[in-house]
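**Student:** can you look at this prediction? I've put the sequence above it.
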Amino acid sequence: MASPQTLSEAERRVVASWAADCAERVVTLFEAEAPADGRPRDAIARARAFARGELSAAEEIRRRFVAGRAAREVNSPAAVAAARSATQAAAVAHMGAHALGAAAYAAKAAGLAAPDRPQAVDDEIRWQLEHMSAEKPVSASELATAGPEFRRSAGARTSRVRNPRLGHPRDPGRLGSP
């Protein structure tokens with residue numbers, strides 16, 4: 001029996017481009033701190049190549065953690081979240097629900113980068129929702145069964161993470177809590 005969280009490869013290709021769009025909006029936050037590190041930007045390019053059918057899911061499954069390692073090389077929470085967004089975008093090839101991770105981390109990065117703008121997260125989520133193509137909402141609605149915490153996590157500037165620089169798993173809103 002298939003899980004409601006499971007998307008077909010064709011559906012994952014559709015949402016991969018949207019996840020890449022979300023990650024690309026914040027990747028400059030990472031690049032500002034680590035301009036010579038191209039791993040997150042490469043992950044976004046690979047997500048786009050997967051979306052176009054140029055890469056197989058198997059190829060991407062083997063390489064999906066590369067950008068995540070880049071997150072360990074930066075210090076600011078916004079840069080870490082931006083790298084994680086790119087990692088999640090690349091991981092859509094493996095599992096479609098990672099598109100929600102890419103979007104949530106992008107919204108988190110946007111909020112962390114603009115602490116004086118409380119509406120930054122809402123603005124980012126609004127952009128994400130407005131930039132779904134005609135094909136993407138169908139697949140995204142399938143993802144909704146996988147990630148009801150997306151709205152909570154991104155809207156509250158949190159996501160379910162275990163990285164202490166991004167938040168505590170029991171209280172993801174607390175930055176820097178072990």
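**Tutor:** Noted; the coordinates are in hand. Numbers count the residues shown, from 1 in each chain.
**Student:** tell me the contacts of Glu59?
**Tutor:** Ala93 (Cβ atoms under 8 Å, 6 or more residues apart in numbering). Quick note: C-beta positions are derived from backbone N, CA and C, even for glycine.
**Student:** what about the strands in this structure?
**Tutor:** Taking DSSP state E as the criterion, the chain carries no strands.
**Student:** any low-confidence regions in it?
**Tutor:** 1-5, 64, 133-178 (pLDDT under 70).
**Student:** find the centremost residue of it, please.
**Tutor:** Ala102 (1.1 Å; Cα atoms, centre = their mean).
**Student:** I'd guessed that residue sits against Ala83; true?
**Tutor:** No: between Ala102 and Ala83 there is no contact under Cβ atoms under 8 Å: 11.3 Å.
**Student:** can you give me how far stretch 54-70 is from the chain middle?
**Tutor:** 14 Å (Cα atoms, centre = their mean, to the nearest Å).
**Student:** er, stretch 8-22 I mean
**Tutor:** Worked out by Cα atoms, centre = their mean, stretch 8-22 lies 11 Å from the chain centre.
**Student:** tell me which residues in that stretch are buried?
**Tutor:** Glu11, Arg12, Arg13, Val14, Val15, Ala16, Ser17, Trp18, Ala19, Ala20, Asp21, Cys22 (16 or more other Cβ atoms under 10 Å).
**Student:** identify the residue nearest the second one in space, chain neighbours excluded?
**Tutor:** The one in question is Arg12. Distances taken as Cβ to Cβ, 6 or more residues apart in numbering place Gly96 nearest to Arg12, at 4.6 Å, with adjacent residues excluded.
**Student:** so what's His71 up against?
**Tutor:** If you look again at residue 71, you'll see it is Ala, not His. By Cβ under 8 Å, 6+ apart, the neighbours of Ala71 are Ala79, Val80, Ala83, Arg84, Thr87, Asn163.
**Student:** and the helices in this protein?
**Tutor:** 9-24, 27-33, 39-51, 57-63, 66-70, 77-91, 98-113, 120-130, 136-144, 149-155 (DSSP state H).
**Student:** so the residue nearest to Arg12 touches Val15, yeah?
**Tutor:** Yes: between Gly96 and Val15 there is a contact at 5.6 Å, judged by Cβ under 8 Å.
**Student:** next, format the contacts of Ala71 as a markdown table and append distance to Ile61 and neighbour count.
**Tutor:** Output for the contacts of Ala71, formatted as a markdown table (distance: Cβ to Cβ, whole Å; neighbours: other Cβ atoms under 10 Å):
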| residue | distance to Ile61 | neighbour count |
| --- | --- | --- |
| Ala79 | 25 | 28 |
| Val80 | 23 | 26 |
| Ala83 | 19 | 32 |
| Arg84 | 18 | 29 |
| Thr87 | 13 | 27 |
| Asn163 | 21 | 16 |
